[in-house]
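Participant: sequence and predicted structure are below.
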Amino acid sequence: MKLICANFKMNLLKKDINLYLKKINNNLNNKKVIFFPSNIYIKDFHDKNYLVGAQDISFQEFGACTGDTSILQLKELGITYTLIGHSERRQFFNDDLYISKKIALAAKHKIKIILCIGESIEEFKDNKTLEILKKEIDLALKNNLKYLTTSNIIIAYEPIWAIGTNKIPTNLCIQETISLIKKYIFTTYNLKVKVLYGGSVNENNILELEKIKNIDGYLIGSSSLNPDNFLTLINKIN
Ligand code: 13P
């Protein structure tokens, strides 16, 4: 079954969350959906028995890290997954410095990791996609092999230029990139990983994306924000 991840980013207020929960009530049709709301709403999803994850975790367990949220605190709210290395974290918060530590912490505390990787438009045009993805994979995995298994890490391939732009790589391009990611991680780290696609997935392009054979799921941003659209979208996913 495909894994469907809804990344709300820094959107929605309490009244929107209440309405969202009302609308999706029992309508997920047995799809495997994980919600990634802002931290302050994690408990709302957990209390209704939905799978819920954090959009990020602190690289420290506790202590002097003003404004951050510890994985232990997030676990108390009910997370079982966390995104790590989303391109917006890498861009605005210098996340590359902390990714390796975050992976180790998540694995230590038995939280499943969704590691986000992806190339910029310049890198894509220069044919550097694979080089960049390998670098991001190595940074995250190479010091953490003792903690990682096939079941605690998933990769989300999100080309930066496809995020929030309504631009999307061709099916062939996505399929080839996913296949290269799987092959690289297997040959280098002996891990068989699942790979999700993210970047401008919506209810209009999902049927075309569903033709891609090696996609294990989707990481969906803006099209997850409206519960009606999101329900239409997930019902088109096998
Ligand atoms: P969009 O679906 O809005 O392009 O966002 C993708 C994303 O960044 C999910 O993490």
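Facilitator: Sure thing, it's come through. All values reported here derive from a predicted model rather than from experimental measurement. Numbering: from 1, shown residues only.
Participant: please work out which residue of the protein is closest to the ligand.
Facilitator: Of all residues in the chain, the one sitting closest to the ligand is residue 221 (2.3 Å; C-beta to the nearest ligand atom). (C-beta placed from N, C-alpha, C; glycine too.)
Participant: how far away is that residue from residue 162?
Facilitator: With distances taken as C-beta to C-beta, to the nearest Å, residue 221 is found 10 Å from residue 162.
Participant: pLDDT averaged over stretch 36-51 - what is it?
Facilitator: In this model, stretch 36-51 has a mean pLDDT of 98.
Participant: which parts of that stretch are buried?
Facilitator: Buried positions in stretch 36-51, judged by neighbour count with 16 or more other C-beta atoms under 10 Å: 36, 37, 39, 41, 42, 44, 45, 46, 50, 51.
Participant: which one of these is nearest residue 139?
Facilitator: residue 36 (21.8 Å; C-beta to C-beta).
Participant: quick one: the closest one and residue 6 touch, right?
Facilitator: Yes: the pair residue 36 and residue 6 qualifies as a contact (C-beta atoms under 8 Å) at a distance of 6.3 Å.
Participant: want to throw the buried residues of stretch 36-51 into a markdown table with secondary structure and distance to residue 147?
Facilitator: Below are these laid out as a markdown table (DSSP: H, G, I helix; E, B strand; the rest coil; distance: C-beta to C-beta, whole Å):
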| residue | secondary structure | distance to residue 147 |
| --- | --- | --- |
| 36 | strand | 22 |
| 37 | coil | 26 |
| 39 | helix | 23 |
| 41 | helix | 29 |
| 42 | helix | 23 |
| 44 | helix | 30 |
| 45 | helix | 26 |
| 46 | helix | 24 |
| 50 | coil | 27 |
| 51 | strand | 22 |
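Participant: show me which residues of this structure sit near the ligand.
Facilitator: 7, 86, 158, 163-164, 198-201, 219-223 (C-beta under 6 Å from any ligand atom).
Participant: and those residues, which two are the farthest apart?
Facilitator: 86 and 223 (16.4 Å).
Participant: ramachandran angles for the closest residue to residue 107 other than its chain neighbours?
Facilitator: Of all residues not flanking residue 107 in the chain, residue 147 sits nearest, at 3.5 Å (C-beta to C-beta, 6 or more residues apart in numbering). Main-chain torsions, residue 147, degrees, to the nearest 10: phi -100, psi -20.
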